[in-house]
Structures are given as structure tokens and as C-alpha cells.
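Participant: Using only what follows, build the 3D model:
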Amino acid sequence: MTNGPRTVLLGATGYLGRVTARALVERGLSPILAGRDGRKLSQLADELGGLDFRIADARDRGSLTALINPGDVVLSTITPFRTVGEEVVRAAVTRRAHYLDVAPEPPFVRTVFQKWGRPAREAGVVVMPSVGFSFSPGNIAGAAALQEAGSAATRVQVAYFVLGDFDQASFSAGVLESVTGALFEPGLVRRDGVIESEMPGRRERTYTIDGMERTAISVGGPEHFTLAQFQPRVRDVDVYIGWLRPDPNGKSLLPKSATSTARLSPGRAITKMMHRRMVREATGGPDSAGRTAMVSMVVAEAQDQAGNTLARVTLTGPNPYDLTARLLAWHAIAVPNCGPTVAGATGPVNAFGLTAAIEGARQAGLERVD
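Facilitator: Model prediction:
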């Protein structure tokens, strides 16, 4: 696709970056690949048919400003976002470019919405964090559940699961650094219409999936912002992830001891040491067969004030990597068509409308199963 806004992919040579680059090309885009390693960029550009590439460093404001043009769609897969992500947001907004990322880190999500929402709105551009398995499906499923539940719904609970045959080696170092590192940072929750700080894992909930009980722990996500944008009567929003804790088959990203002590002072030092070792030992990420063995699932429930479930929406799709890459590709095509009324920090439903967001999710491989 040669006409229209440029698509700029930062972090292109990382594991998720490479998967995303291929997904963009499959959708007809010709992204500009950007990163710090010129040799790797050149190799990937050649593999994908001779794409353009640029050397840029997320820690170097000047290189980012030189890279980004007004009207661009900037995609960031650089991790961890809590240390290197904000300069990319700043550069995109300053240069009046749309910005999308894959951040699964609650503190960074909060920064994007609360610090960069207004500047993005004034610049007439969209900034959308957490496009991908974490956490676009929950935005879509939660909004669909709210719509089905009707006016009595004031609460939403969203939970994410990874099913299938996976282990620690199924996750790249970037994912491990972002997701597990976020366990040690203040998260967020929406209570009585107010965004509050809350450490991850403070609450737990058990879901029965395929006849098996799976424990999920509370985390922060963009749903705390976006579902209230979609339906202002929403007062409480909870987000859970169920792939950090063991299910009865022992499938998890971290052992129970790690997730249960991450928020407790006596266990933090030990858990941080486990986290650092796990990231050091991480491989480059799963091969195509390893990705195929995993399945993504999100469950959203709309509830009344008393906690009664009024509607439930369950979506399943491909593994988190391919799902994220395909969602990013669809968003990269769709976001330039957003009008000025949706400029600012937002989610897919508020940017494109629920019907279009559901269609985008379907094209990425997400299907409703209930």
C-alpha cells in the first residue's frame, strides 16, 4: 500500500516487532522499520520484500523527531514501556502523528491517558495504548457486554487467559519483562467512577473454563478508562489475568509463590530476583509451532450495582503474538480515518465504533464463543 499515511514500526527487530512487520505486509502495508540495529533492520527489510528502514533510538528524542512525520501512524513494540515508552508518545504527539502500542503495563497506560490525552486531542491525533491481546479484546468484549446488558449495567469485569500447551519458553524476553515486571509497580482500578491506584494481585477471582477452574489476579488496564468513555454510567471496572497463576495442569507464566508475594514486602526481593532470572533466561520467543499451540481467550461480564451478571461475552482467538500483530495491522489501517472528534487517548470501540471494532477483531482471528 503506497498511498496514504506512512506506517512506522518501532522495535521492528524484536520478537513481536518481527511478527508485527509480517502482519502489516500481509495486510498490504509497507511499514518503515525502525530500531537501533541497522544490520538486523536491513535483513528484515530484505526478507519482507525490500522495505524502507531507519535507525532510531527510543531514548534519543532527536532521532524520534527526525523519524516521524505529521500524519504518520506510529506503532511501538519497544519494551519495557515504563522506561522507554514515553519518549515515543511525546514524539508522535509533538509531530502530530497517531500513536499505537502494545503496552501491558498499567503505570504506562495511566500515563498515556492522564498525561497525553489532552495534548493528543489538541494535536488532532489518536493515542491508543495496549493494542493487542493485552488489552484490546477486553475493551471490545466489555463494550459488547455493556450494550447487551442495557441501562442497569454499572460494573464490568474482564479476564484474560492463555490456553493450550505453553511454558516459560513460549514467551519472549520483552513480554516477560513487561508483564511480570509490572507486578512490582502500582496498578489501577476504577471504583465509584474514580481511577484509583492498586497493586496488582490484590484481588483474585476463579473462572470455570472448559470444566476447569482457573484463578485470575487483578491488574490494571486501559479498560478502566475506555469502558467509561463508551458508557459513562459505568462506575466499577475490574481487569484480571489468568495466565500468571497455575491452573490444575500447572500452566502458568509464574509460579503461585511469585504472584502471591509480588505485592508483599517480605516476598518482593525474592520475587524480583526470580523475575530478573526469568528474563535473563528467556529465549527469542516461540517458533510458529509453539505459537500455534497457544489460544487467547477473554471473558467480559457486565453487572448491575449488586454484582449480578446481566451479560457475558467470551472471545477466543489465535496465540497472543499473532493476535496482537493482526490487531495492530488492522488498527494501523483504520486509525487514519478517525475524525477529529475522537482525537485523544482512547480505545478501539470509542475510536471506530463497536460494530467496526468487532469486525476488526474478527479479521484478527477473534470469535465469540458464547
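
Participant: CA atoms for contacts and neighbours, from now on please.
Facilitator: OK.

Participant: What does S151 show for phi and psi?
Facilitator: S151 has phi and psi values of phi -70, psi -20 when expressed as degrees, to the nearest 10.

Participant: now do the one 4 residues further on
Facilitator: When read as degrees, to the nearest 10, the backbone of R155 gives phi -130, psi 150.

Participant: What's the local residue count around it?
Facilitator: Summarising burial for R155: neighbours were counted as other Cα atoms under 10 Å, giving 28.

Participant: Run through the residues that contact it.
Facilitator: By Cα atoms under 8 Å, 6 or more residues apart in numbering, the contact list for R155 reads V234, R235, D236, V237, A302, Q303, D304, Q305, G307.

Participant: pretty sure the second one is touching V189, no?
Facilitator: Going back to what we said before, that points to R235. No: no contact is recorded between R235 and V189 when judged using Cα atoms under 8 Å, the distance being 10.5 Å.

Participant: Bridge partners for L33, pull those for me.
Facilitator: For L33, the residues forming beta bridges with it (DSSP bridges) are L9, F53.

Participant: ok, back up a step: ok, so of the contacts of R155, who is nearest T65?
Facilitator: Of all the contacts of R155, the one with the least separation from T65 (Cα to Cα) is V237, at 36.2 Å.

Participant: what about that closest one, neighbour count?
Facilitator: 27.

Participant: how far away is it from S42?
Facilitator: As defined by Cα to Cα, to the nearest Å, V237 lies at a distance of 44 Å from S42.

Participant: Same question for Q303.
Facilitator: Separation of Q303 from S42 (Cα to Cα): 51 Å.

Participant: neighbour count winner among the two?
Facilitator: More neighbours sit around Q303 than around the other of Q303 and S42, counting by other Cα under 10 Å; the figures are 24 against 17.

Participant: Pretty sure that one sits against V237.
Facilitator: No: between Q303 and V237 no contact is recorded; they are 10.0 Å apart, counting by Cα under 8 Å.

Participant: shared neighbours, these two?
Facilitator: R155, V156, Q157.

Participant: Adding distance to L366, write these out as a markdown table.
Facilitator: Below are the shared contacts of Q303 and V237 laid out as a markdown table (distance: Cα to Cα, whole Å):
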| residue | distance to L366 |
| --- | --- |
| R155 | 24 |
| V156 | 20 |
| Q157 | 19 |
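
Participant: correct me, but L328 touches F133?
Facilitator: No: checked against Cα under 8 Å, the pair L328 and F133 is beyond contact range at 9.9 Å.

Participant: overlap in contacts of these two?
Facilitator: Counting by Cα under 8 Å, 6+ apart, no residue touches both L328 and F133.

Participant: pLDDT score assigned to F184?
Facilitator: Among the per-residue scores, F184 holds a pLDDT of 74.
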